[in-house]
Each structure stands twice: as C-alpha cells, then as structure tokens.
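J.: Provided below are the primary sequence and the corresponding predicted coordinates.
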Amino acid sequence: MSRYEMMSRYEMMSRYEMMSRYEMMSRDDAIDGSPVHHTFGPPVIAGIRERAELGRYPIRGWGARRAVPDFDDLLLLTASASRYPLEGYRERCDTRTVLGARRAARPVVLDIPITIAGMSFGSLSANAKEALGRAASQVGTSTTTGDGGMTPEERSASRTLVYQCLPSRYGFNPVDLRAADAVEIVLGQGAKPGGGGMLLGQKVGARVAGMRTLPEGVDQRSASRHPDWTGPDDLKIKIEEIREATDWQVPVYVKIGATRVDHDVRLAVAAGADVVVVDGMQGGTGATQDAFIEHTGIPTLAAVRLAADALADLGLTGDVGLIISGGVRTGADVAKALALGADAVSLGVAPLIALGCNAPTYRLPAAGEPAGAGAGIEVDVSAEYTALGTAPGHCTHCHTGACPVGITTQDDALAARLDPALGARRVANYLRALAMETTMLARACGKSDVHRLEPEDLVALTVEAAAMARVPLAGTDWIPGR
Amino acid sequence: MCGIAGLHLKDHALRERLGSMVTGMLRGVAERGPDSAGVAIHDPGGLRVRKDVGDPLAFADRIDLAGQTGLRALAHTRMATESAVTAAHCHPFVAGTAPAADGSPAPPGGMPLDGTELCLVHNGSFANHATIRRRLAAAGVTTETDNDSEVAARYLAARLGAGDDLAAALRRLTATFDGFFTLAVTTADSFAVVRDPIGCKPAIIAETDQWVAMVSEYRALLGLPGLADATVFEPEPEEVYLWAS
C-alpha cells in the first residue's frame, strides 16, 4: 500500500489528531481481526459525529494533513566524478536574491531566498508578528503583513516588509501602502484557494477590531473576491493604481492559491505582476474549513513546476520573480524548490514552530535577564493543550485563539508568553540553518549560487512525483508523460 | 577528464612545423583522454577541423597531423563524462559567430565554415549548462549535442555575435558558468585561455617570441623549439589570457 493510499483512509482526523498515523494503523489492525472499513473508518465516523453534533463544518489552522507528493519525494544528484563539488565555508555560494527589478525603482533585495509569508495580526499576536519581523531583519529577508493591516511594531521590526492587499481590505490604507517595501495582491491562498479568510470572534479583540473597523468579539469572514477586480483586466488597472500610489518605487507581487497554475501565472504576469507567489495546498491558514484545506488546490511540488514552466514559456524566467510556498520546512525543500525554478520560498507554519508553536512549554527571560542571554524560565503548558482536546506536536487549534504558547492569540495573558526578542532569536536561528542547508546542498551540486540549481539536479522517488515535477524517476531516464 | 593543448604561432615562419609541434603536444596529453581526439587548425587558407573516436595517437597518424600546416591550433583528447563517445561529441566544438542579416543571434553549427568560427576545447565539466542551454535556445541559439562543452562554445559565439570581444565574452562566461574548467579558444585571429574561479583543472602556458602554447601537462611542452628559453607559468583563475595576431 502506498503512503497516499494509506493516508486516504485517514484524511479526516479531527478527533484523532493526538494519534500518529502509525498508531492509528496499528490500532486498526488490532481490532479483533475484523477488517478496517475504508469508506467509513474510525476517523470518518468521528467526523460525521462531529458534524452531527455541531451542525457545521470543522474549522482549524495549518495546512493539508494528508500525504501528497512533496519535496521529500525528490532527491538531489550531487557531484561525484562527472561533476565536482564546492568546498563548504570557503568556496563561494551566493544566496542573494533580487525580486521585482523589472519595474520597481527599489527592488526587494534579500540576503537569503527564504522569506516569511503573510500571516495577519489578528490571527497572530502582536508579539508574534514583531518576533517574525525582527527575525527576518536579522537574517536579511522579508516578512509579510496579512489580512488585517500593518502594525507599527511589525513595520519598525522589519527591514523589508511586504504589505498585503486582500479582498477583505481590512486595515488597507494608503499611508501603510507607502510605508511598504513591496505590495502583495492576494488572489488566493493554498489552504483555501477560492475562499475568504476567517477570524473567529474570540480573536477579534479591541485592537484587531479597530484595525479592521469591525465590532469586537464577532466572527469575521473575509471576502473571497476583491470588489475592485475579478480577472486580469480589472487587476491590471488595480496594479497601476498601486504603482501610482507608491510612485513606481516598490515591486508588486501577485499571490495565488495553486489550482489552475499555468493560467493563473500567465494572467498574473499579464496584469503586471513583478513577482508571482504560488501557494500550494500544504500552505497553512489561521482558520479555515477542514474541507477546504484537505480537498482544494494542488500540491506545492506540482505547482512550482507549472509556475516555472509558465514563466519560461513567456520568456520571463528571472525577470518575473517566482516565490513558492506551502509546506517548505528544510534547506533540502528550499534547494529542491529553487532547482525546480523558484527564485525564493516563503514559510508560514515552519517559523511559527520555530517560535514555539506546538511546544509543550513556553520560555521567557528570567527577571532582570536580557532576552536570549540565559536559559530563562520555562513553563509547562501541556495541560492547556489537553484542555483544547489536543497535545503538543498535534495542535492545529490556531482558530480558537487559546494558543498555549501565545502565538495565535489575542488574549493578553497568553500573548505575554511569547517574548519577541527570544522568539526572534529562535526564528532567526532556524532561517540561518535553512540557508546553510541550502548552500551545503548547492555546493555539493557544484553551484556557486543557490539560484543555479536546476531541474537536471533532481530525480524523483515515485512515479507521481516524477510526473508532477517532470524530473526522471530515480535510476531511469523516464519522465512520465514525456 | 580530458587533455587539451593549444598553439599560437607569433612567428609565421614556423607555419610548416605547426603540425609536428601539435602532434608532440597531443601525445603529451593522450593519457588524459583515451576516448576520442580532435584538432582545429587555423591556416591562411581556412579552418580545418578533424575529430574522431578512438586512440588519440592513432587518430594523429590517421589524419597526418604532423604534416599539417597552420598558424594556430587546438587539440583535445577526451575522457567522456556525461555525454556519449561519438564523433559529434568530440572537441573542438566549432560555432559560427556571424550574426544573421536581420541581427538575430548567430546560427547554430552545421553551417558552412565562413571564417567567423570560434573553436573551443574544454577540460572539466560544467554544473549549470542545462539552464544556460535553455536560455540560449530561448534566444534562438540551438545546440547539436547534449555535450556541456558545446554549450560554452555556443555561448561564446553568441556573445561574439552580439558584439562582445573575445576577452569580454570569456569574462562573462566565467561569471555565468558553474563547474571546473580550463578552456582554450581560437578564432581566425586570436588564441585565448581561461580557467574557472578556483583553478581546479590543470593548465600550463609557455611563451617565447615565436609561439605561445597551452597544455594540460608539463610534459606536453617537451620538444617544442626554444622551450628552454620560454616563460612557463600556470594561468591564474578567472583571468583571461589572450593573444591576437
């Protein structure tokens, strides 16, 4: 049974998220020798019962849980005799990344091709947003606002800040627009392409409500379409408006949730995008219907190749930037995404984990101790995960606002559990480690610049991944469909 | 993975001896490349390119290399890395540099020799030639083989066709191509050598008032007339060495 077949039985795991896939397998296998029901297995039964009790769909945070072909299904062909590796540490391997040089007077120039994705103040606490901004600045990369606008903490903490323009228009204003280093027009998101955002009432506190001009404590549903555009024709006008408002200084990104990627990338370019951001189905969310997260869009692996091929076909490789997001976790993921044609990657869930998401404890500096100077104090919050019906390492309860480690919350007491300086240090460490892994792999492929990785450096472990990434199945010269 | 040799005569009185000088140089690098061999010889009458699979010394005998005349020559012995051992995959790679009448990039090889050709021999391997090949193809410059060295020849020819001089084109190549390489390049009037930024593959240059020679092995210089008085040095990484007649 393939990994995918195995997982298809367990797509709906809302009541079972405390158990690993493998625990579930052994548990099923042990039921009195009676066969497992594929169509109505235990997770399906639990899901039906949940809907029967609540009368609505399950909502949660993070991205798709189901196993789909991903970067783990690719391998890099590093150097040996026919090609030569570069030495680590002393032989050059550049990571500098320039985005939006085509039209903007001030393109985005990053030290590493790894950026932080848009996550709203509202979904995240102000401390979390500040920590991400500080971390991005420390490693010379960008971070991104989100649905809800720009906070002063985030702006001042971020060397390079991308300001999102979303269908909701929450918190979008010309003052902040002109304070941005790039503007990202969001057509969609990998976790919910075609759907609008969601912020449940318990997270709509006074400050969030004020920024969004909404009443406090009321569930907020963002629009799925912007009133100013529905297609590339209107979007072209909108982009011109934004360029004029920003005096043609900063790049304009267009972000799409990965579905009809070939068409959408071409249309984003036609509308005038300097950078296309493609978010695959593993991309995270702060709160979205489970049915959206698991059943819409295409895997990031398929999306990156489609997007890169579309830009190549337009003759715009390198001129229009390509940022890929959705399930990027390691330097190996970064290297493979770049090899498939991305100019940079964007991370959401992974930096949150670096901040402390899903940790059994939170840490704060000890009294009188500067952040990061010592071990600080550590407080166990496992019981709070249990109270949410989950456990450290399995939590996707961002939507509840009850984040035990103070990241996805608007509760002041919970938010105080995240120290921005300490959190920034951890995220910066994580991003640096990713960059080191990426250059290590690029050097092993003989590249003096991570952007010189190419599809020919890759093979696939599975037929599915070979077909999606259009690289040969390992040990063969066979690319399915070619 | 290869042996390369290049010879540029400053003293045209040596024209009758070019073939025998190159034969000795080819012999000196033969063990580095037993799979195939090739030579390109620039003579006032035109460019002669011969290449074939098999033992380089037998090849030299077969084409009577020692009897050839000329003012400038490249020789190559190949130990294949990633592409096949065929006559088409042998170096030197030859690429036309003349832009088309409409100003579009130089046409691919297979065109009649018109005196604008650039010849290239390469020791090493490139690590990003697939991407550069795609970029060239998008600009209308196609390759005839899947060989990495051919991409460098097409790239240089395209740059020359676009107006770069040879030194500028070679500097651009070192900034664009990854991998380890020593390249020797000839045109109707020039001879040039360049190494990768690390200088991993061997290269020795010997120069007298009568000639300049570049080889992969010191021993390949033995027998050249006046060698005792030659200036012998290993070229610096990334530096373009160029002699024009």
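T.: Cool, the structure landed.

J.: which non-adjacent residue is nearest residue 229?
T.: If you meant another chain, say so; for now it's chain A. Excluding the flanking residues, the one nearest A:W229 by CB to CB, 6 or more residues apart in numbering or on different chains is A:L235, at 4.4 Å. For every residue, glycine as well, the C-beta is placed using N, CA and C.

J.: Sorry, I should have been clearer: chain B.
T.: Nearest to B:D229 is B:T208, by CB to CB, 6+ apart, at 6.0 Å.

J.: so who does the one you found touch?
T.: B:226-227, B:229-231 (CB atoms under 8 Å, 6 or more residues apart in numbering or on different chains).

J.: how far away is the residue nearest to A:W229 from A:V250?
T.: The gap separating A:L235 from A:V250 is 17 Å, by CB to CB, to the nearest Å.

J.: Could you report the pLDDT at the closest residue to A:D279 other than its chain neighbours?
T.: The spatial neighbour of A:D279 that comes closest, neighbours along the chain excluded (CB to CB, 6+ apart), is A:G190 at 3.4 Å. Here the pLDDT value assigned to A:G190 is 97.

J.: Just want to know which of A:L235 and A:V250 has more residues nearby.
T.: Taking other CB atoms under 10 Å in any protein chain shown, A:L235 and A:V250 do not tie; A:V250 has more neighbours (25 against 22).

J.: which of the contacts of B:T208 has the most neighbours?
T.: In those, the most neighbours by other CB under 10 Å go to B:A230, 19 neighbours.

J.: which residues does that one contact?
T.: B:206-208, B:213, B:221, B:224.

J.: Most neighbours out of those, which is it?
T.: Greatest neighbour count in these, by other CB under 10 Å, goes to B:A213: 26 neighbours.

J.: so how far is A:V276 from the residue of the stretch 151-300 of chain A found nearest chain B?
T.: Using CB to the nearest CB, A:V269 is the residue of the stretch 151-300 of chain A that sits closest to chain B, at 15.7 Å. Per CB to CB, A:V269 is found 7 Å from A:V276.

J.: do the same with A:P167
T.: Counting by CB to CB - A:P167 and A:V276 are separated by 18 Å.

J.: OK, contacts around A:A303?
T.: With CB under 8 Å, 6+ apart, A:A303 has these contacts: A:190, A:258, A:261, A:278-280, A:324, A:326.

J.: Repeat the analysis, applying 6 Å as the threshold.
T.: Shown in contact with A:A303 (CB atoms under 6 Å, 6 or more residues apart in numbering or on different chains): A:258, A:261, A:278, A:280.

J.: Please name every helix or strand in contact with whichever strand or helix holds B:V121.
T.: Assigning secondary structure by DSSP states H and E places B:V121 in strand B:118-126. Helices and strands touching strand B:118-126, by 3 or more CB pairs under 6 Å, 6 or more residues apart in numbering or on different chains; DSSP states H and E, are strand B:2-9, strand B:72-78, strand B:93-95, helix B:148-161, strand B:179-186.

J.: what's the model's confidence in the last one, averaged?
T.: Here the mean pLDDT over strand B:179-186 is 97, rounded to a whole number.

J.: quick one, it and helix B:148-161 angle?
T.: 50 degrees (axes from the mean of the first three to the mean of the last three CA atoms, to 10 degrees).

J.: next one: the second one
T.: Relative orientation of strand B:72-78 and helix B:148-161, computed by the same axes, to 10 degrees: 150 degrees.

J.: contacts for strand B:72-78?
T.: Against strand B:72-78 from outside (CB under 6 Å, 6+ apart): B:2-8, B:18, B:22, B:26, B:29-30, B:32-33, B:35-42, B:56, B:91-92, B:119, B:121, B:184, B:186, B:191.

J.: now the shortest one
T.: Around strand B:93-95, the neighbours that count as contacts under CB under 6 Å, 6+ apart are B:49, B:109, B:117-120, B:149-150, B:153-154, B:157.

J.: I'd like the distance between the nearest residue to A:E87 once chain neighbours are set aside and A:P455.
T.: Nearest residue to A:E87, sequence neighbours excluded (CB to CB, 6+ apart): A:R443, at 7.1 Å. Distance of A:R443 to A:P455, given as CB to CB: 19 Å.

J.: List the residues that contact the residue in the stretch 351-482 of chain A that chain B sits nearest to.
T.: Residue nearest to chain B within the stretch 351-482 of chain A (CB to the nearest CB): A:G446, separated by 3.4 Å. Residues in contact with A:G446 (CB under 6 Å, 6+ apart) are A:79, A:83-85, B:127, B:178-179.

J.: which of the residues you listed are buried?
T.: Neighbour counting with 16 or more other CB atoms under 10 Å in any protein chain shown marks A:79, A:83-85, B:127, B:178-179 as buried within the contacts of A:G446.

J.: Show me which of A:P167 and A:V276 is the more surrounded one.
T.: A:V276 (26 against 20).

J.: Nearest spatial neighbour of that one, chain-adjacent residues omitted?
T.: In space, A:V276 is closest to A:A268, 4.9 Å off (CB to CB, 6+ apart).

J.: Just the CA coordinates for the host helix or strand of that neighbour, please, in PDB.
T.: Applying DSSP H and E as the criterion places A:A268 in helix A:261-271. Extracted in PDB, the C-alpha atoms of helix A:261-271 (Å, rounded to 0.1, in the frame of the first residue of the first chain):
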ATOM      1  CA  VAL A 261      -1.400  27.400 -12.000                       C
ATOM      2  CA  ASP A 262      -0.400  27.700 -15.700                       C
ATOM      3  CA  HIS A 263      -3.300  30.000 -16.500                       C
ATOM      4  CA  ASP A 264      -3.100  32.000 -13.300                       C
ATOM      5  CA  VAL A 265       0.600  32.700 -13.500                       C
ATOM      6  CA  ARG A 266       0.200  33.900 -17.100                       C
ATOM      7  CA  LEU A 267      -2.700  36.100 -16.100                       C
ATOM      8  CA  ALA A 268      -0.800  37.500 -13.100                       C
ATOM      9  CA  VAL A 269       2.000  38.400 -15.500                       C
ATOM     10  CA  ALA A 270      -0.500  39.900 -18.000                       C
ATOM     11  CA  ALA A 271      -1.900  42.000 -15.200                       C
END
